[in-house]
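Participant: My questions are about this predicted structure, shown below with the sequence.
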Amino acid sequence: MTNNIFKALTVCVIFVVLSISGQILAQEKSENAAETKAKPAKISVEEIVKKMDAKISGYDDQYMRISMNIYDVDGKMKSYGMEMYQKGTEKRLVKFTSGEMKGFATLILDRNNVWAYLPAFKKVRRVAATNMKQSLAGSDFTNDDMAVGSWGNDWDITMEKEDEKFYYLKAFPKKGKNITYASALLVVEKGTYYQDHVDYFNEAGEKVKVYFFKNLTDFGLDIKRHQIVGMLDPRTGHRTELFVHEMKNNQGLKDKMFTKRHLQWGR
Amino acid sequence: MRHLRWWHAGSVFLICLLCMESMAFASGKWTDMIDFSGYIQSDIRYIIEDWRGAKKGDGYEFQKNQNDVVLRLEIFPHDNVQAVIEADLRFYGFNRADSLYNVSDRGTSDPFNLQLDEAYIHVRELFWEWLDLRAGRMVVNWGTVDQFNPTDNISARDFSDPINFSAKVPNQMIELTAYPTDWLTLSLIWVPTFRPAQLPDSAPLGFADFGFDKNGCFATAPAPPLTQKNMDDLYKLFESAGDPCNLNFVEPGMPIVTPDFSMKNSQFGAKAQFLINDFEFSFSYYYGRFSFPVALTAAALIENSQVDPAVLDIKYIVELYYPRMQVAGFDFSYSAEWLFDIGIVGEIAVIFPEQVDFGLKAYWSGAEVANMGNNNVPSTPFPKATVGIDYTFTSWLYMNVMYVRGFFDEFNDIYGVHNYMVMAAELKFFEDELKVRTAAALNVDDTSANINGTVTWIIYPSVEVIADVLWFVGNTEAKDPKDYASKSKFGMRAVGRNVVSLKGKFSW
């Protein structure tokens, strides 16, 4: 009988221990979950910008085949084919593959080191920084917009506000950075850190451009990006959409591709 | 027997395999290797004056009715090999059949020609990663400035169409380019045979432009590059000929002393280009010939007319020459972040010319009546230079201003080297669908000018309509008919006609 009681007691103790352990574990889990839920609120602006930049340029290199669709206020559209190659956050090679611009190519090494191949003149010509204000083929993108590198490198960014879905970040160009816009408001989705849109303002505080994103798409090989990247002029309703047909990242693009030597090559 | 059947089956299989591979090559891989582009352009041009032609009153008529089909093929059989072919099939659009015998000949009634603008092979990483080779027929453009490049002498200018002043004459050449570092590029070019610049139809008037009064009588003779004393002696000869109304100037002759095809007439160019931070500059050297003709000798042959013995037939023959030269050049481009982002470009070329002495003889019924000469081009080195800035004010307004010392065709002969201001403005409207470009070149020394306006309408991507106007401002007559140096640069009739042009272009 003593043995049976001992056995029963042992079972009870084990049961109680297990119950208590389970409760303790459950409590810890809920505390962890609570902690996890609270994490986004604690993230710094620098971290948000870093994660946001990583979504845009967080690859060794990128290739995109694009249609640049330019819509006027009547809804009429004209389209140019383009290819864009990027290495890191700064080096970019943009080539037009259709239209009267076919063969025209721009190499952007940094804002003061921009070169254009002019097929009509069979010549590589330097593009002065002042010419970066010009629009690209009549679109709502300027050459400056196409040369955008890293937000963290070029802008001073602070948190304006946040809600359940988005961070609202206020940005001003860093000293010495000659950027067309006086300020910007970046709207970044919480959790994913994708940009929802960016409002650009002039010196008078007037909203002059809206940079927007649509159709988050899986391009395969773990590449998830917005298939449509656009620029809208809110004053006129005129907009341009870059439709990404194809995207490949981390292809091992070589540095020599981003040289004047390669610019005239055509491929 | 069984053995043979096996071999037969195996062969059939192998042939099928090869065919399939070829078909894959033909349909997939082959199209990946080529890039086909080009354009179709129609150009109608109308002369809008009647005082700048070879004969007064010539004008107000169509100058061009031309169609071009330009086809460009780029072939990339390998990542580091490119072959380029660009051909221009040109239809001139004017009926040349002037006799019933040739109205049935399409070639006469609808003349055309086929021009090969480029045909070369480009090999990258030849033997070494840093070495490229290009060989064949091509155009090479040196220099940093727009259009007015004194350091750019490898490919001659093509001014056969004065509105398209950026065109160049293709030539066969071999170019080696080395990229030892990312801030240094070295180029060597060898051009076996010389090709001169192409000139507009009006060019002969630069050497043989006779002036007549309202009665059609001789008034002025073309001023050859003679000193004032020699010109005075020449005019005494004209005066001794009697009544100017009895002077009949027949079609002048303009033979050119063309360089032979020996090795010593090859051209050679070398360039070292540097990129240090935001400053790009290069040093260059060229050995070859000046691509515009310079007057070498002239002869006036005076004979009594066989039709009317009272009239004197005068044939003026001026012999032209392409003098040798060496050019030491320096050019740079810089984007001045500290100065409103202005782009600054400049070139300077020091030209070491071959000395050219000019001689003139006159014969009257076979007897020499004049023999004079003087230096036309001294061997003293002289500079040509261009400095310019460009600025984009807004997304729709761009301007470019340049100071130019020495126009394309100036070679420090008796006419000298002159100073110019060149300005261009470009305005864009309706999302770049409409572009308006105005440009003017002003000769500061004689205040003559060349004004060009272009309106481009991009109807759809790839489809353009382009309207141009070209206008020359200046006196068609030299200030002093005896002074070769006093001619008006843009006023003289040799530079071309005032025209309007309408082009339609489709490109792919």
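Facilitator: That came through, no problem.
Participant: The closest residue to residue B:45 other than its chain neighbours: neighbour count?
Facilitator: With C-beta to C-beta, 6 or more residues apart in numbering or on different chains as the measure, residue B:64 is the residue that lies nearest to residue B:45, at 3.7 Å, once sequence neighbours are left out. (Glycine included, C-beta is placed from N, CA and C.) By the criterion of other C-beta atoms under 10 Å in any protein chain shown, residue B:64 has 18 neighbours.
Participant: how about the residues of the stretch 201-350 of chain B near chain A?
Facilitator: B:278, B:280, B:333, B:335, B:337, B:340, B:341, B:342, B:343, B:344, B:345 (C-beta under 8 Å from any C-beta of the partner chain).
Participant: Now do the strands in the stretch 201-350 of chain B.
Facilitator: Taking DSSP state E, counting those that start in this stretch, the strands of the stretch 201-350 of chain B run over residues B:211-212, B:218-220, B:247-249, B:256-257, B:267-276, B:279-289, B:294-304, B:312-321, B:324-336, B:342-353.
Participant: Among the residues of the stretch 201-350 of chain B next to chain A, which one lies nearest to residue A:233?
Facilitator: The nearest member of those to residue A:233, counting by C-beta to C-beta, is residue B:341 at 22.9 Å.
Participant: The closest one against residue B:389, yeah?
Facilitator: No. Here residue B:341 does not reach residue B:389: they are 11.0 Å apart, not a contact under C-beta atoms under 8 Å.
Participant: By mean pLDDT, which helix or strand of chain B comes out lowest?
Facilitator: helix B:2-24 (a mean of 44; mean pLDDT, DSSP states H and E).
Participant: Report the distance from stretch B:336-350 to the chain centre.
Facilitator: Centroid displacement of stretch B:336-350 relative to its chain, using C-alpha atoms, centre = their mean, to the nearest Å, is 26 Å.
Participant: Quick one: mean pLDDT over that stretch.
Facilitator: Taken as a whole, stretch B:336-350 has an average pLDDT of 89.
Participant: Could you pull up the contacting residues of the one residue in the stretch 201-350 of chain B that gets nearest to chain A?
Facilitator: Of all residues in the stretch 201-350 of chain B, residue B:343 sits closest to chain A, at 2.5 Å by C-beta to the nearest C-beta. Neighbouring residues of residue B:343 by C-beta atoms under 8 Å, 6 or more residues apart in numbering or on different chains: A:126-131, B:333-336, B:389-391.
Participant: repeat that with 7 Å
Facilitator: Neighbouring residues of residue B:343 by C-beta atoms under 7 Å, 6 or more residues apart in numbering or on different chains: A:128, A:130, A:131, B:335, B:389, B:390.
Participant: So for the host helix or strand of residue B:500, what gets flagged as buried?
Facilitator: Using DSSP states H and E, residue B:500 sits within strand B:499-507. If you call a residue buried by 16 or more other C-beta atoms under 10 Å in any protein chain shown, then strand B:499-507 has these buried ones: B:499, B:500, B:501, B:503, B:505, B:507.
Participant: Surely the first one touches residue B:471?
Facilitator: So that's residue B:499. No. The pair residue B:499 / residue B:471 is not scored as a contact, 8.5 Å apart, by C-beta atoms under 7 Å.
Participant: near chain B, which residues of chain A show up?
Facilitator: Within chain A, the positions lying close to chain B (C-beta under 7 Å from any C-beta of the partner chain) are A:70, A:72, A:78-80, A:98-100, A:102-103, A:112-113, A:121-123, A:126, A:128-131, A:133-135, A:137-138, A:142, A:178, A:259, A:261, A:265-267.
Participant: Which of these are buried, as a PyMOL select command?
Facilitator: Buried residues among these (16+ other C-beta under 10 Å), as a PyMOL selection:
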select buried, chain A and resi 70+72+78+79+80+98+99+100+102+103+112+113+122+123+126+128+129+130+131+133+134+135+137+138+142+259+261+265+266
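Participant: From the residues of chain A next to chain B, which land in helices?
Facilitator: residue A:261 (DSSP state H).
Participant: Would you mind measuring from residue B:472 to chain A?
Facilitator: Applying C-beta to the nearest C-beta, to the nearest Å, the value for residue B:472 to chain A is 24 Å.
Participant: The residue lying closest to residue A:248 once chain neighbours are set aside and chain B, how far apart?
Facilitator: Of all residues not flanking residue A:248 in the chain, residue A:63 sits nearest, at 4.6 Å (C-beta to C-beta, 6+ apart). Residue A:63 sits 15 Å away from chain B, going by C-beta to the nearest C-beta.
Participant: residues contacting residue A:63?
Facilitator: Contacts of residue A:63 by C-beta under 7 Å, 6+ apart are A:85, A:247, A:248, A:251.
Participant: Give me the buried positions along the helix or strand containing it.
Facilitator: According to DSSP H and E, residue A:63 maps onto strand A:61-71. Within strand A:61-71, the residues that count as buried by 16+ other C-beta under 10 Å are A:61, A:62, A:63, A:64, A:66, A:68, A:69, A:70, A:71.
Participant: strand partners of that strand, parallel vs antiparallel please.
Facilitator: strand A:77-87 (antiparallel), strand A:239-249 (antiparallel) (DSSP bridges).
Participant: Kindly reformat those as TSV containing distance to residue B:102.
Facilitator: Formatted as TSV, the strands paired with strand A:61-71 follow (distance: least, C-beta to C-beta, whole Å):
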stretch	distance to residue B:102
strand A:77-87	47
strand A:239-249	55
